[in-house]
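Trainee: Below is the structure, and that's it, no one-letter string:
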Ligand SMILES: NC(=O)c1ccc[n+]([C@@H]2O[C@H](COP(=O)([O-])OP(=O)(O)OC[C@H]3O[C@@H](n4cnc5c(N)ncnc54)[C@H](O)[C@@H]3O)[C@@H](O)[C@H]2O)c1
């Protein structure tokens with residue numbers, strides 16, 4: 001039986017570990033050729049190797065999404081290796097958490113360079129080919145921080161709100177030309193980024209327990225649970241889903257607190 005992404009080509013940024021790695025893995029399992037666009041040469045190369053060992057078509061491109069030229073090179077390498085690009089998953093992201101007035105210029109820029117500029121660099125690079133072929137799906141990994149504010153996490157939610165705006169803008173601009181642009185907004189997902197955040201508290205285990213309790217299923221999410229939705233959005237099963245944002249947070253975002 002053919003996979004749900006059979007013969008498609010996908011590029012996933014930040015796919016060396018965490019959510020991006022799970023997305024790359026699930027995409028390959030569904031038959032896609034996968035380009036691992038990753039800053040860390042060790043995890044990126046290892047991920048591509050793991051996929052190849054499973055018989056998948058995979059390519060590692062060492063790159064930094066903050067550099068527009070790297071974004072263009074990564075897309076060019078994808079096209080060179082596999083002939084087309086059907087799906088771009090903008091997953092690479094970093095936490096930059098401060099009190100607003102204590103946020104330095106450098107920290108503000110570091111956050112926006114990865115979490116928003118990086119996504120735009122990748123979209124700019126990938127869109128021309130998608131528009132030319134008349135089809136494409138872009139999946140942006142947003143966050144609960146794209147629609148809610150947790151005090152002390154500035155300016156991350158500013159960038160993630162912007163990412164939602166970018167998703168909607170591009171989704172509307174190019175819908176009639178066959179390109180869909182959607183976002184996924186995960187709640188807490190069990191990856192290094194979340195564990196590093198808990199490690200900043202005096203009692204990391206208590207902080208993790210607090211995060212688990214915030215989600216109605218009383219647990220946090222798994223990277224594969226985000227990846228399954230990315231597969232759906234990238235596949236031909238979601239042809240009329242555009243400029244949307246799907247929350248993967250066990251319902252946390254709709255709980256009323258007084
Ligand atoms: N884990 C969570 O709780 C959670 C919740 C909501 C949203 N997210 C979002 O999900 C995405 C993935 O997060 P994760 O939890 O897997 O994080 P992670 O830190 O485990 O993985 C991020 C990956 O991106 C790569 N990367 C970072 N900067 C890069 C750059 N400039 N260029 C290329 N690659 C770069 C890293 O090397 C790493 O492999 C991020 O956009 C994050 O904001 C995560």
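Mentor: The structure has been received and is ready for your questions. Because the structure is predicted, anything quoted here is derived from the model rather than measured.

Trainee: which ones are touching residue 108?
Mentor: Neighbour list for residue 108: 96, 155 [criterion: Cβ atoms under 8 Å, 6 or more residues apart in numbering]. For glycine as for every other residue, the C-beta is placed from the backbone atoms N, C-alpha and C.

Trainee: The helix or strand where it lies and the ligand, are they touching?
Mentor: Using DSSP states H and E, residue 108 falls within helix 105-112. No. If you take Cβ under 6 Å from any ligand atom as the test, helix 105-112 misses the ligand, and the best it gets is 9.6 Å.

Trainee: what's in contact with the next helix or strand after that helix?
Mentor: The element immediately downstream of helix 105-112 (helix or strand, assigned by DSSP H and E) is helix 118-133. For helix 118-133, the surrounding residues in contact (Cβ under 8 Å, 6+ apart) are 11, 13, 37, 65-68, 70-72, 74-75, 79, 84-86, 88, 90, 92, 136, 138, 140, 163, 166, 170, 174, 177-179, 181.

Trainee: same for the ligand: which of those are within range?
Mentor: With Cβ under 6 Å from any ligand atom as the criterion, the contacts of helix 118-133 include 13, 65-66, 92 near the ligand.

Trainee: Give me the helices and strands touching whichever strand or helix holds residue 213, please.
Mentor: Residue 213 is part of helix 204-214, with elements assigned from DSSP H and E. Packing partners of helix 204-214 (3 or more Cβ pairs under 8 Å, 6 or more residues apart in numbering; DSSP states H and E): helix 192-198.

Trainee: which parts of the helix it packs on are buried?
Mentor: 193-194, 197-198 (16 or more other Cβ atoms under 10 Å).

Trainee: Surely residue 201 is in a helix?
Mentor: No. Under DSSP: H, G, I helix; E, B strand; the rest coil, residue 201 sits outside any helix and is assigned coil.

Trainee: State the distance from it to residue 49.
Mentor: Separation of residue 201 from residue 49 (Cβ to Cβ, to the nearest Å): 36 Å.

Trainee: Equivalent analysis for residue 176, please.
Mentor: In terms of Cβ to Cβ, residue 176 sits 40 Å off from residue 49.
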